[in-house]
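**Student:** Would you be able to build a 3D model of this:
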Amino acid sequence: MKTKISSSTLVLIVISVAINIIGSQLSDIVKLPIFLDSIGTIISALLAGPWIGLLTGLLSNLLSGLVSGPIAVAFAPVAMVIGLSAGLMARAGFFRTLPRVILSGVVITAVLTLVAVPIRIYLFGGTSGSGADFFIAYLHAVGEGLFMSVSFAVIGTNLVDKILSAIVAWLLIRRLPQRTLRHFPQIARVR
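**Tutor:** This next block holds a predicted model:
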């Protein structure tokens, strides 16, 4: 079975990847304890569905790996799960109101935690050079085990990050002109 991606969807993916990389770089430069690398992935998932969200997350992390180093590549499965879960939640109508958007950020965080914690622990010993490392080191220093320290930090930082990212993506989409939105049938489940 062949799936054809429209030119509008290709442009969406490119713009979304750029948004993710810019957000990630900004977060790295300022050393924020959040990532800002999923806004584009969520935008693409909301407009074009879960598989395009998954693809956008994958491409974002692969390209980020070229720009900032291989750590981003290791977290590509996390970015893919973010796109997939955001797209599925949009299909289920969870991006229609602000409270549901916030709930979507919580659910996305719960799902990505299942993927991110093992990657952080088994590939990087709990730290990966992000702003969240301080929280992991602190929790571990005060007696929490590595698994719980990483889990608390991943949940805490991603909860803020994914709720903020979901809200920003939702607000941006609500501002897009109708002539742009008509290219993306998934949008009917978001507005």
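
**Student:** tell me the contacts of the residue nearest the centre of the chain?
**Tutor:** With distances taken as CA atoms, centre = their mean, the residue of the chain nearest its centroid is S38 (3.1 Å). The neighbours of S38, taking CB atoms under 8 Å, 6 or more residues apart in numbering as the test, are N20, G23, G57, A79, I82, D161, K162, S165. (C-beta placed from N, C-alpha, C; glycine too.)

**Student:** give me that answer again for 10 Å
**Tutor:** By CB atoms under 10 Å, 6 or more residues apart in numbering, the contact list for S38 reads 16, 19-20, 23-24, 45, 53, 56-57, 60, 78-79, 82-83, 86, 105, 108, 112, 158, 161-162, 164-166, 168-169.

**Student:** ok, R175 - how many residues close by?
**Tutor:** 7 (other CB atoms under 10 Å).

**Student:** Could I get the buried residue list for the biggest helix by length in the chain?
**Tutor:** Secondary structure assigned by DSSP state H gives helix 146-174 as the longest helix of the chain. The neighbour-count check on helix 146-174 (16 or more other CB atoms under 10 Å) flags 149-170, 173 as buried.

**Student:** chain center to that helix, what's the gap?
**Tutor:** 8 Å (CA atoms, centre = their mean, to the nearest Å).

**Student:** ok, now stretch 32-41?
**Tutor:** With CA atoms, centre = their mean, you get 6 Å for stretch 32-41.

**Student:** okay, that stretch in PDB with CA atoms only?
**Tutor:** Provided in PDB are the C-alpha atoms of stretch 32-41 (Å, rounded to 0.1, in the frame of the first residue of the first chain):
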ATOM      1  CA  LEU A  32      16.200  26.100  30.200                       C
ATOM      2  CA  PRO A  33      15.000  23.000  32.200                       C
ATOM      3  CA  ILE A  34      12.400  22.500  29.400                       C
ATOM      4  CA  PHE A  35      13.100  21.400  25.800                       C
ATOM      5  CA  LEU A  36      10.800  23.500  23.500                       C
ATOM      6  CA  ASP A  37      11.500  20.900  20.800                       C
ATOM      7  CA  SER A  38       8.000  19.500  20.300                       C
ATOM      8  CA  ILE A  39       5.900  22.500  19.200                       C
ATOM      9  CA  GLY A  40       6.300  21.700  15.500                       C
ATOM     10  CA  THR A  41       5.700  18.000  16.000                       C
END
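
**Student:** can you start the count at 118 instead of 1 from here on
**Tutor:** Right, with 118 as the first residue, what we last looked at is stretch 149-158.

**Student:** Give me the buried positions along it.
**Tutor:** In stretch 149-158, counting by 16+ other CB under 10 Å, buried: L149, P150, I151, F152, L153, D154, S155, I156, G157, T158.

**Student:** Okay, and which of these map to strands?
**Tutor:** Secondary structure defined by DSSP state E assigns none of those to strands.

**Student:** quick one: which of the residues you listed is nearest G166?
**Tutor:** T158 (12.3 Å; CB to CB).

**Student:** residues contacting the closest one?
**Tutor:** With CB under 10 Å, 6+ apart, T158 has these contacts: 130, 133-134, 136-137, 169-178, 196-201, 203-204, 225, 282, 286.
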